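1. The amino acid sequence is not available; the structure is as follows:
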């Protein structure tokens, strides 16, 4: 369960990284998986920000006027992206052995929960969201 207040995706990412960190002693490949997820999420955040900026520039050039709602939406996306990047940077700077002290929940995530989190986060990616379009075509 994810508490309200903070970004839901970020909380799920923290839970998954915590699970990976706890189990690195039993499976050395989880160290690579942890680093891969951090890099992929950082890249996704950067791409999301670039798309927001590009769509804002395209709308401005085609219409010639600024819409307060569009600027506010882009600003919200930028703010959310920066907070996610700061979170990921803090994890990168933290040694894996120290990461367990940053746990969000006192409950640990088990294997089934980690699989569910991975599936949910993967479903949020653009390819997974457009997969039905590819199948239809």
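-> Now that the structure is in, tell me what you want to look at. Note that the structure is a prediction, hence the values are computed from the model and not measured.
2. which residue is nearest the middle of this protein?
-> What sits nearest the mean C-alpha location of the chain, by Cα atoms, centre = their mean, is residue 41, with 4.7 Å.
3. May I see the buried residues of the helix or strand that one falls within?
-> Using DSSP states H and E, the element containing residue 41 is helix 29-63. Of the residues in helix 29-63, those with enough neighbours to count as buried (16 or more other Cβ atoms under 10 Å) are 30, 33-34, 37-38, 41-42, 44-45, 48-49, 52, 56, 59. Bear in mind the C-beta positions are built from the backbone N, C-alpha and C, glycine included.
4. which one of those sits closest to residue 16?
-> Checking those against residue 16 by Cβ to Cβ gives residue 37 as the nearest, at 6.9 Å.
5. ok, the closest one - contacts?
-> 13, 16, 17, 20 (Cβ atoms under 8 Å, 6 or more residues apart in numbering).
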